[in-house]
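S.K.: sequence-free structure coming up:
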Ligand SMILES: Cc1cc2nc3c(=O)[nH]c(=O)nc-3n(C[C@H](O)[C@H](O)[C@H](O)COP(=O)(O)OP(=O)(O)OC[C@H]3O[C@@H](n4cnc5c(N)ncnc54)[C@H](O)[C@@H]3O)c2cc1C
């Protein structure tokens, strides 16, 4: 039996606990906050009384690890899955749909891209060639940003603007000129997998409801969850991590420690991390995501969701189409939309009122019905530390699971998973920790 501490109960910490609990490990999960889930959580909006995510999260059928975790927790039945990828793009000039439903898997994507409206055939063919090369790893893009890659492969501007840019913002949460191209390649590799499933997934409940059953699961699996338990230090003895100390001064002994908290905290918990990860910590930067919720008396679009083109706002989600709310909520607030701006650091210093103005102008330019709608309630979330910026430079510096301490491991969407900083990346980091800890057992 190994006695293991996990610091941080975000998706990485929870997944690590689930993976390790199968292997006769006794686990204690320390979480600073009063709730589970880290950045993947939801809360009740006091005015509408609706459960809102801390930023709308886009999930995909290619998230095989996260879907596996939800199956273990028994909450995978709260997911509304597209049969295959179908994304409406709305622009002032022309609107179109990327519809991959005609055929399964790769063929569906080929058909979907070839059917895009108002894009030249040469742009579509070049895009398909690039996707094929990315998914098969046939081209060298290690040091390239997404923009450099698109330039290098002479992808025409019409399809960059109408397909590549919205995709890059959605999956990498970063400006294409900064985002690492290798991560985009990994996304294609996973999406064009053998199962042929590449559709998007919309949870019908908030993110916290998806992971809440972990509390019951933990009770059965030798796992203690300590909430409001901020870890202050990792204790070392003879070159090994021997335990942890909380901010309340409580000390616990462990055989191994998994650090699954925010990367900038590493040097606070063990001083030597400031030397071991010096370059990474110095280069570390975060991306902002802005999420605006609007409750309206009228429907402005029948679409479930859409990519918005030519506006600062990038995505609009019609929450009433997939999120469960009771009849009383619908009677009071008939329509609810969530609008997302990813990679939004350029808006860090503007006020919520100014953000609302930008979003209103954007919606009005694409959904004229908005002019007649009455705004019943609104809510702005500006989340400055949403995900780390993974540029080609940072990608090479992302810390590996193993540290220089033999029984101290790292988990989190920021570690070297080869994936973007996503929920699936957090699960992959947990799988990496499991592989290392199994070597110790
Ligand atoms: C607005 C927004 C939108 C997003 N959209 C998407 C999306 O569409 N698709 C997608 O896949 N991903 C999305 N993400 C990213 C996704 O939320 C993260 O990748 C994932 O939640 C990361 O999980 P994690 O466990 O690695 O880190 P975290 O969730 O940050 O977990 C770290 C945990 O450690 C705890 N902690 C910190 N310090 C201590 C301490 N000293 N002691 C104990 N505990 C501590 C923290 O409280 C936290 O709970 C989005 C994120 C945001 C913020």
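M.R.: Sure thing, it's come through. Computed from a predicted structure; not experimentally measured.
S.K.: mind listing what the residue of the stretch 51-200 of the chain found nearest the ligand touches?
M.R.: Here the stretch 51-200 of the chain gets closest to the ligand at one residue, residue 55, 2.1 Å apart by Cβ to the nearest ligand atom. C-beta: built from backbone N, CA, C; applies to glycine. Contact analysis of residue 55 by Cβ atoms under 8 Å, 6 or more residues apart in numbering lists 39, 289, 291, 340, 381, 383, 386.
S.K.: now do residue 98
M.R.: Per Cβ under 8 Å, 6+ apart, neighbours of residue 98: 85-89, 112-113, 116, 163.
S.K.: would it count as being in a strand?
M.R.: Yes. Applying DSSP: H, G, I helix; E, B strand; the rest coil, one finds residue 98 inside a strand.
S.K.: who's it bridged to?
M.R.: residue 87 (DSSP bridges).
S.K.: quick one on the thing from earlier: local confidence estimate at the residue of the stretch 51-200 of the chain closest to the ligand?
M.R.: Listed pLDDT for residue 55 reads 90.
S.K.: where does the residue nearest to it when sequence neighbours are not counted land in three-state SS?
M.R.: Computed as Cβ to Cβ, 6 or more residues apart in numbering, the closest residue to residue 55 that is not its neighbour in sequence is residue 291, at 4.6 Å. Of the three states, residue 291 takes strand under three-state DSSP.
S.K.: tally of neighbours for residue 291?
M.R.: 24 (other Cβ atoms under 10 Å).
S.K.: bridging residues for it?
M.R.: residue 340, residue 381.
S.K.: give me every residue that touches it.
M.R.: Neighbours of residue 291 in contact, by Cβ under 8 Å, 6+ apart: 53, 55-56, 338-340, 380-381, 383.
S.K.: can I get these in TSV including distance to residue 253?
M.R.: Output for the contacts of residue 291, formatted as TSV (distance: Cβ to Cβ, whole Å):
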residue	distance to residue 253
53	37
55	37
56	41
338	45
339	49
340	44
380	45
381	40
383	36
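S.K.: what about the residue in the stretch 101-250 of the chain that the ligand sits nearest to, distance to residue 22?
M.R.: Across the stretch 101-250 of the chain, the shortest distance to the ligand (Cβ to the nearest ligand atom) belongs to residue 231, at 3.8 Å. Counting by Cβ to Cβ, to the nearest Å, the gap from residue 231 to residue 22 is 24 Å.
S.K.: who has more neighbours out of these two?
M.R.: residue 231 (25 against 10).
S.K.: ramachandran coordinates for the more buried one?
M.R.: phi -80, psi 130 (degrees, to the nearest 10).
S.K.: next, count neighbours for residue 375.
M.R.: The number of residues packed near residue 375 is 12, by other Cβ under 10 Å.
S.K.: oh, that last question was meant for residue 407, not what I typed.
M.R.: Residue 407: 19 neighbours (other Cβ under 10 Å).
S.K.: hmm, back to that, how far away is the residue of the stretch 101-250 of the chain closest to the ligand from residue 423?
M.R.: Taking Cβ to Cβ, one finds residue 231 at 23 Å from residue 423.
S.K.: the ligand contacts on the stretch 301-441 of the chain?
M.R.: 383, 386-387, 412-413, 421-426 (Cβ under 6 Å from any ligand atom).
S.K.: try 8 Å this time
M.R.: Proximity of the stretch 301-441 of the chain to the ligand (Cβ under 8 Å from any ligand atom) is limited to residues 340, 342, 381, 383, 385-387, 411-414, 420-426, 429.
S.K.: domain map for the protein?
M.R.: Domain ranges of the chain: 2-57+206-284+390-440, 104-191, 286-388, per automatic domain parsing.
S.K.: please see if the second one touches the ligand.
M.R.: Yes. Domain 104-191 lies within reach of the ligand by Cβ under 8 Å from any ligand atom, at 170-171, 173.
S.K.: in helices, which of those residues fall?
M.R.: If you go by DSSP state H, the residues of domain 104-191 next to the ligand have 170-171 in helices.
S.K.: among the residues of domain 104-191 next to the ligand, who's most crowded?
M.R.: Of the residues of domain 104-191 next to the ligand, with other Cβ under 10 Å as the count, residue 173 tops at 25 neighbours.
S.K.: give the contact list for it.
M.R.: Residue 173 touches 287, 289, 342-343, 386-387, 420-421, counting by Cβ under 8 Å, 6+ apart.
S.K.: go on, residue 321?
M.R.: 202, 303-305.
S.K.: residue 361: how many residues sit nearby?
M.R.: Neighbourhood size, residue 361 [other Cβ under 10 Å]: 12.
S.K.: ok, the one 10 residues further on next?
M.R.: The tally of other residues near residue 371 (other Cβ under 10 Å) stands at 10.
S.K.: ok but it is inside a helix, no?
M.R.: Yes. Residue state for residue 371 (three-state DSSP) corresponds to a helix.
S.K.: what's the pLDDT at it?
M.R.: On the pLDDT scale, residue 371 gets 95.
S.K.: excluding residues flanking it in the chain, which one is nearest it?
M.R.: residue 364 (6.3 Å).
S.K.: same check, this time on residue 434
M.R.: In space, residue 434 is closest to residue 19, 4.1 Å off (Cβ to Cβ, 6+ apart).
S.K.: doesn't the one you found lie inside a helix?
M.R.: Yes. Counting by three-state DSSP, residue 19 is located in a helix.
S.K.: give me the pLDDT for it.
M.R.: Confidence score, pLDDT, at residue 19: 97.
S.K.: that one reaches residue 428, doesn't it?
M.R.: No. Counting by Cβ atoms under 8 Å, residue 19 does not reach residue 428; the two are 11.0 Å apart.
S.K.: distance between the longest helix along the chain and the chain's centre?
M.R.: Counting residues, the longest helix found in the chain (DSSP H) is helix 423-440. Centre-to-centre, helix 423-440 and its host chain are 17 Å apart (Cα atoms, centre = their mean, to the nearest Å).
S.K.: this completes my enquiry, with thanks.
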